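> Here is a sequence with its predicted model. Questions after.
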Amino acid sequence: MSVDNQTGMIRISDDVVATIAGLAALETPGIAAMSGGISEGLAKRLSGKNVQKGVSVEVGQLEAAIDLRVIVHYGSKVQEVCRHLQENVKEAVENMTGLHVVEVNVKVEGVAFKEEEPEEVALRIK
């Protein structure tokens, strides 16, 4: 995105939009991780600099379209989680960039099972 104003030009990189969308996605309850796709093998829990994995964006002058590939927690209502995810990502991108988000497409690529707590394992061993 680039905007001309009286004091100069403002440009927002596609990578910035993808990072905002990825962070908003990871903060959504029920989302376990972002999926890097088939080419990266098993889905990995991502954070920080790898947050753009599982996110692709198309950014125009005033609008953006976002595609997300996610892993949901087992036991979550997938449709509700995805609807909430769409709302969170749209709100975050619109508030931070001023772009109008025309669509947020979500592809659920897996289900994450909760890992056993180490304390529970220790109690069984005694």
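That came through, no problem.
> What ranges does this structure have for its strands?
For the chain, strands defined by DSSP state E occupy the ranges 2-5, 8-11, 31-34, 55-59, 63-73, 100-112.
> quick one: which of those strands has the weakest pLDDT on average?
Per-segment mean pLDDT for the strands of the chain reaches its minimum on strand 2-5, at a mean of 67.
> Once you drop chain neighbours, what's closest to residue 110?
residue 71 (4.4 Å; CB to CB, 6 or more residues apart in numbering). Heads up, the C-betas are built off the backbone N, CA and C, glycines and all.
> What's the separation between that neighbour and residue 31?
7 Å (CB to CB, to the nearest Å).
> Neighbour count: the two, which is higher?
The neighbour comparison of residue 71 against residue 31 (other CB atoms under 10 Å) goes to residue 31, with 24 against 21.
> Could you pull up the contacting residues of the more buried one?
Listed by CB atoms under 8 Å, 6 or more residues apart in numbering, the contact set of residue 31 reads 25, 70-73, 81, 85.
> If we use 7 Å, what do you get?
Residue 31 is in contact with 25, 70, 72, 81, 85, counting by CB atoms under 7 Å, 6 or more residues apart in numbering.
> Which single one of these is nearest to residue 114?
Each of these was scored against residue 114 by CB to CB, and residue 72 proved nearest at 12.1 Å.
> circling back to that earlier point, which one of the strands of the chain is the most hemmed in?
Mean neighbour count (mean count of other CB atoms under 10 Å) peaks for strand 31-34 among the strands of the chain, with a mean of 23.
> any idea which helix is longest in the chain?
Criterion DSSP state H: the longest helix present in the chain is helix 78-97.
> any idea of the mean pLDDT for that one?
Averaged across helix 78-97, the pLDDT comes to 97.
> Just the buried positions in that helix, please.
Judged by neighbour count (16 or more other CB atoms under 10 Å), helix 78-97 contains these buried residues: 81-82, 84-86, 88-90, 92-93, 96-97.
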